[in-house]
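Q: Pasting a predicted model and its sequence here:
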Amino acid sequence: MRRLILFIAAMVLSLSASAQPEILDRLKEANAYETLQLSFVQTRHSAMLADNLVSEGRLYLASPDRVRWEVMKPFHSVFVSQGELAIRGRRFRMPSEKDFSATVLEGEDYSIKLIPLRRDLKSLFREIVIHADKRSLQIRSAVLVNPDGDWTLLEFKDILTDRPVDPKLFEEE
């Protein structure tokens with residue numbers, strides 16, 4: 001769960017800019033917020049499970065590195081990070097533009113396919129596909145595909161940008 005939160009924060013705060021820079025620059029600019037609040041539906045698919053796992057919650061981001069990921073259904077849990085993040089006891093560097101190759105696919109919406117370049121990222125993800133509304137250029141969903149083919153779909157709604165966020169949301173509970 002923590003690695004998922006890490007990558008969503010990284011995707012929303014800074015898109016890769018290695019391919020089709022004019023479109024990617026526009027997407028980066030449209031998604032560069034000081035604060036972001038949204039509701040999400042997360043669908044996890046695993047070949048080992050008969051049914052997909054679905055959860056709902058809220059995500060709060062505040063630039064540059066404060067994250068609150070709150071799952072509300074089917075159970076309640078909260079993850080908060082203020083820039084210090086460790087995965088399996090090791091510090092983890094937030095991904096940046098140079099850590100992915102990017103391809104923009106045009107259709108009804110824009111899709112940005114990110115392929116990890118760092119070895120540690122490759123061990124976590126085969127690819128990440130971000131979908132953005134063609135008119136507003138706002139990110140609406142992301143699909144994170146694991147090396148084994150399992151995937152997680154995150155769908156975003158009720159998006160509020162650059163609005164005050166209570167700093168207490170980023171305190172450990």
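A: Looks like it came in fine.
Q: Helices along the chain, start to end?
A: 2-13, 21-30, 119-122 (DSSP state H).
Q: pLDDT on the last one, on average?
A: It stands for helix 119-122. Mean pLDDT, helix 119-122: 86.
Q: residue contacts, Arg66?
A: Arg66 makes contacts with 60, 81-83, 170, as judged by Cβ atoms under 8 Å, 6 or more residues apart in numbering. For glycine as for every other residue, the C-beta is placed from the backbone atoms N, C-alpha and C.
Q: Could you give the bridge partners of Phe100?
A: Here Phe100 sits in beta bridges with Pro116, as judged by DSSP bridges.
Q: Tell me the predicted confidence for it.
A: For Phe100, the model assigns a pLDDT of 84.
Q: Based on its surroundings, how many neighbours for it?
A: Look at Phe100: counted by other Cβ atoms under 10 Å, it has 25 neighbours.
Q: And the one 10 residues further on, by the same measure?
A: Here the number of neighbours of Tyr110 (other Cβ under 10 Å) works out to 21.
Q: can I assume it is in contact with Ser136?
A: No. Counting by Cβ atoms under 8 Å, Tyr110 sits too far from Ser136 to count as a contact (10.6 Å).
Q: Quick one: the strands in this structure, in order.
A: Using DSSP state E, the strands of the chain run over residues 35-45, 53-62, 66-73, 77-82, 86-87, 90-91, 100-106, 110-116, 127-132, 139-145, 151-161.
Q: any idea which of these scores lowest on pLDDT?
A: Mean pLDDT per stretch puts strand 86-87 lowest among the strands of the chain, at a mean of 48.
Q: List every C-alpha atom in stretch 30-48, with coordinates, as PDB.
A: Extracted C-alpha coordinates of stretch 30-48, given in PDB (Å, rounded to 0.1, in the frame of the first residue of the first chain):
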ATOM      1  CA  ALA A  30      -2.100  21.500 -15.600                       C
ATOM      2  CA  ASN A  31      -1.300  19.100 -12.800                       C
ATOM      3  CA  ALA A  32       1.200  21.300 -10.800                       C
ATOM      4  CA  TYR A  33      -0.600  22.100  -7.600                       C
ATOM      5  CA  GLU A  34       0.400  23.400  -4.300                       C
ATOM      6  CA  THR A  35      -2.400  21.300  -2.800                       C
ATOM      7  CA  LEU A  36      -4.600  18.600  -4.000                       C
ATOM      8  CA  GLN A  37      -7.600  16.900  -2.400                       C
ATOM      9  CA  LEU A  38      -9.600  14.100  -4.100                       C
ATOM     10  CA  SER A  39     -11.700  11.000  -3.600                       C
ATOM     11  CA  PHE A  40     -10.500   7.800  -5.100                       C
ATOM     12  CA  VAL A  41     -11.800   4.300  -5.900                       C
ATOM     13  CA  GLN A  42      -9.000   1.700  -5.900                       C
ATOM     14  CA  THR A  43      -9.500  -1.600  -7.700                       C
ATOM     15  CA  ARG A  44      -6.800  -4.200  -7.200                       C
ATOM     16  CA  HIS A  45      -6.600  -7.200  -9.500                       C
ATOM     17  CA  SER A  46      -4.600 -10.300  -8.600                       C
ATOM     18  CA  ALA A  47      -4.500 -13.600 -10.500                       C
ATOM     19  CA  MET A  48      -4.500 -15.300  -7.100                       C
END
